[in-house]
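# Take this sequence and fold it.
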Amino acid sequence: MILPPLHSWIPGLRFWAYLGGAALIAVGAAIIFKTTARAAALVLGGILLALFCFYYIPYELIIDPNSKYLGQWGDAEKELALSGGALLIGGSFPEGVVKFQKKNLLIRFLEKLIPYGGIFFSITMISFGIDHFLYTKNVATLVPSWIPHPVFWTLFAAVALIGSGIAIIVKIKLKLIATLLGTMIFLWFIVLHIPRAIALPFNNMGEEVTSAFSALAFSGIAFVIAGGGYSEKGWFTLNRKLHE
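Predicted coordinates for the structure are as follows:
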């Protein structure tokens, strides 16, 4: 998901995969234990955004013969959403005692992207909602068999995703909408993704497990937005609540 299918030309791919995995673990630990969390999350967001802009987009537009189908952009859009989430999480931590003039130039640049994190995330949510309309029959098969009317719930989710994404971008009832979105995706994580991950843990290189944790991440990002928005005032309020 992090790289497009065309990556066989990269030398030492296994090494980079392990290095990337270690880096993700380190960033996660930094966020949990609040150790250089702001810088770590911002750098992660910047790397994911760079991969989306300079690797995924050229691949889809130039190489992928199926790029005209929105569903083909799914992995790229997940990366965009995770990038936005990392930027938002980085912005939720206080700047510390380091003066602006002494900050690393990269960090200063990434801080300017924090207000756009919610937009990056919302673009993915809107796109996923459209996918629900375009591929209704396929998506409906993912609804657990014990839930009646799978097509209805597929279309309901489509409207909810699109509406939530638009509301977050234009900041309409931001706390309420983002909370509802985070709750909805978290319920999908519990009801839909966990059972599939348990039943098919090794299917297609662990695709179901990855999808489960992606859903958990998206839910968390929505709750972060609900906690403070992504405006300068909103982040000031969230920082004060979390770190006073």
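# Please pull out the lowest mean pLDDT helix or strand from this structure.
One helix or strand of the chain scores below all others by mean pLDDT, DSSP states H and E: helix 232-243, with a mean of 46.
# Can you get me a residue count around residue 115?
Number of residues near residue 115 (other C-beta atoms under 10 Å) recorded here: 17. Using the backbone N, CA and C atoms, a C-beta is placed for each residue, glycine as well.
# Likewise for residue 145?
7.
# Check residue 183 too.
Residue 183: 14 surrounding residues under other C-beta under 10 Å.
# what about it, distance to residue 71?
Distance of residue 183 to residue 71, given as C-beta to C-beta, to the nearest Å: 25 Å.
# cool, and residue 2?
As judged by C-beta to C-beta, residue 2 and residue 71 stand 19 Å apart.
# now do residue 202
For residue 202, the distance to residue 71 - C-beta to C-beta - is 23 Å.
# Show me which of these two is the more surrounded one.
residue 71 (15 against 9).
# which ones are touching the more buried one?
131, 134, 135 (C-beta atoms under 8 Å, 6 or more residues apart in numbering).
# so how far is residue 41 from it?
Taken as C-beta to C-beta, the span from residue 71 to residue 41 is 29 Å.
# Same question for residue 162.
On the measure of C-beta to C-beta, residue 162 and residue 41 end up 27 Å apart.
# And for residue 146?
38 Å.
# just the strands in this structure please.
Counting by DSSP state E, no segments of the chain form strands.
# For stretch 196-211, measure first residue to last.
The first residue of stretch 196-211 is 9 Å away from its last residue (C-alpha to C-alpha, to the nearest Å).
# Off-centre distance for that stretch?
Chain-centre distance of stretch 196-211: 19 Å, with C-alpha atoms, centre = their mean, to the nearest Å.
# just stretch 67-76 next, same as before
16 Å.
# do the same with stretch 135-143
In terms of C-alpha atoms, centre = their mean, the centre of stretch 135-143 is found 22 Å from the chain centre.
# swap in stretch 29-47?
With C-alpha atoms, centre = their mean as the basis, stretch 29-47 stands 15 Å off its chain's centre.
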